[in-house]
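*Asks:* Take this sequence and fold it.
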Amino acid sequence: MVKIGIIGYGYWGPNLVRNFFSNNKCKVLKVADKNPKRLETLKKFYPSIEAVSDAYDVINDNKIDAVVIATPVSTHYELAKASLLSNKHVLVEKPFTLNLEQAEELVCLSEKTKKILMVDHVFVYNPAVIRIKEFIKNGEIGELKYYDATRINLGLFQQDVNVLWDLAVHDISILLYIYEKKPYSLSATGVSHLKNSSENIAYITLFYDNEFIAHINVSWVSPVKIRKIIIGGSSKMIIYDDIEPTEKIKIYDVGYYIKDVIKEEERYKILIDYRLGDIYIPKIKQVEALSNVVEDFLDSIINNKLPISNGYFGLEVMRILESANISIKEKGKEVKL
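*Replies:* Just a heads-up that it's a prediction; the model follows:
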């Protein structure tokens, strides 16, 4: 049984504690948080878990096999590094670190210590996203043409990262998971409406070495909450609406093709024909994505295998995010990856 220690019982921490506590492959020994009120809440619901105020009480505990980090991103590098050096497996909340250099160091350290390093890119484990990957892999969608995502809401302004690192990180991880090819460059723009603050609205376009293109729109200042992805293929198109309670995925049997030019006077025209078919709504498993994250992390430790959202995967996400920051500073300049 894997002995777990969790650092952070704020926004995401309670969800992690609940999922690890309910998994019979592990036992949660300790949870750390600086806020005494949060620890009081923890004790009320989980009296068997030791509550501590110092993160290093978790990291330095020899009985603990793995450390789960759910703290502000500015602390991820320090806590993850200390945990790996203390011979612990590590699961860290997204975004991975504050910059690519820190992420690279942690990946190298996990290789040296031979410990599992995993990033909690929870959408990679979402049953709807897993089903979308299946449709793409079996060729039902055809050749992928575009990915268009809108992830906006009137949300919490983060102190240490901009809106791309907070929200677009989800779509970047989804893209890397469902599409085998990696982008070769990107262009990003954004704006901050608060003085000396990070961008609260941003747009990123990812370019590939074929006809595929991806565009992501994120915002903390929208009057409505939208979590919608449109994926276009040569045969069919997918709409994934994460806010929908039941019909999260709709597959449209629609498409287009360029007609052959027969008449001489049509030579200089683009003649397009459209195909309109049925709409298919597949059944999605009612499984919490975070429970899949926990299961993959524990299985990776027990069976000594790489999890899906491993350190190398997290590194690719970081590479894109850091390049997007560079592009924003250069007013949308294309940045090679």
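*Asks:* C-alpha from now on. contacts and neighbour counts both.
*Replies:* Will do.
*Asks:* burial measure for the closest residue to residue 238 other than its chain neighbours, as a count.
*Replies:* The shortest distance from residue 238 to any non-neighbouring residue, by CA to CA, 6 or more residues apart in numbering, is to residue 251 (4.6 Å). Applying other CA atoms under 10 Å, we find 22 residues neighbouring residue 251.
*Asks:* residue ranges for the strands of the stretch 101-250 of the chain, please.
*Replies:* 117-120, 144-154, 185-191, 201-207, 213-219, 221-233, 237-241, 249-258 (DSSP state E, counting those that start in this stretch).
*Asks:* contacts for the first one?
*Replies:* Pointing back at strand 117-120 there. Outside strand 117-120, the residues that touch it by CA atoms under 8 Å, 6 or more residues apart in numbering are 89-96, 107, 110, 293, 297, 307, 309-311, 314.
*Asks:* Apply 7 Å and report the result again.
*Replies:* Outside strand 117-120, the residues within contact range by CA atoms under 7 Å, 6 or more residues apart in numbering are 89-94, 96, 110, 293, 307, 309-311, 314.
*Asks:* tell me the pLDDT at the closest residue to residue 141 other than its chain neighbours?
*Replies:* Among residues not flanking residue 141 along the chain, residue 236 sits closest, at 4.7 Å (CA to CA, 6+ apart). pLDDT recorded at residue 236 is 93.
*Asks:* again, but for residue 261
*Replies:* pLDDT for residue 261: 49.
*Asks:* same question, residue 144
*Replies:* 94.
*Asks:* From residue 287, how far out is it?
*Replies:* According to CA to CA, to the nearest Å, residue 144 stands 27 Å off from residue 287.
*Asks:* higher neighbour count, the two?
*Replies:* residue 144 (20 against 12).
*Asks:* That one contacts residue 230, doesn't it?
*Replies:* No. Contact criterion CA atoms under 7 Å: residue 144 and residue 230 do not qualify, at 11.2 Å.
*Asks:* Looking at the contacts of strand 117-120, point me to the pair that's furthest apart.
*Replies:* 110 and 293 (18.8 Å; CA to CA).
*Asks:* Between these two, which is the more surrounded one?
*Replies:* Between residue 110 and residue 293, counted using other CA under 10 Å, the more crowded position is residue 293 (27 against 23).
*Asks:* Phi, psi for that one please.
*Replies:* With angles defined as degrees, to the nearest 10, residue 293 sits at phi -60, psi -50.
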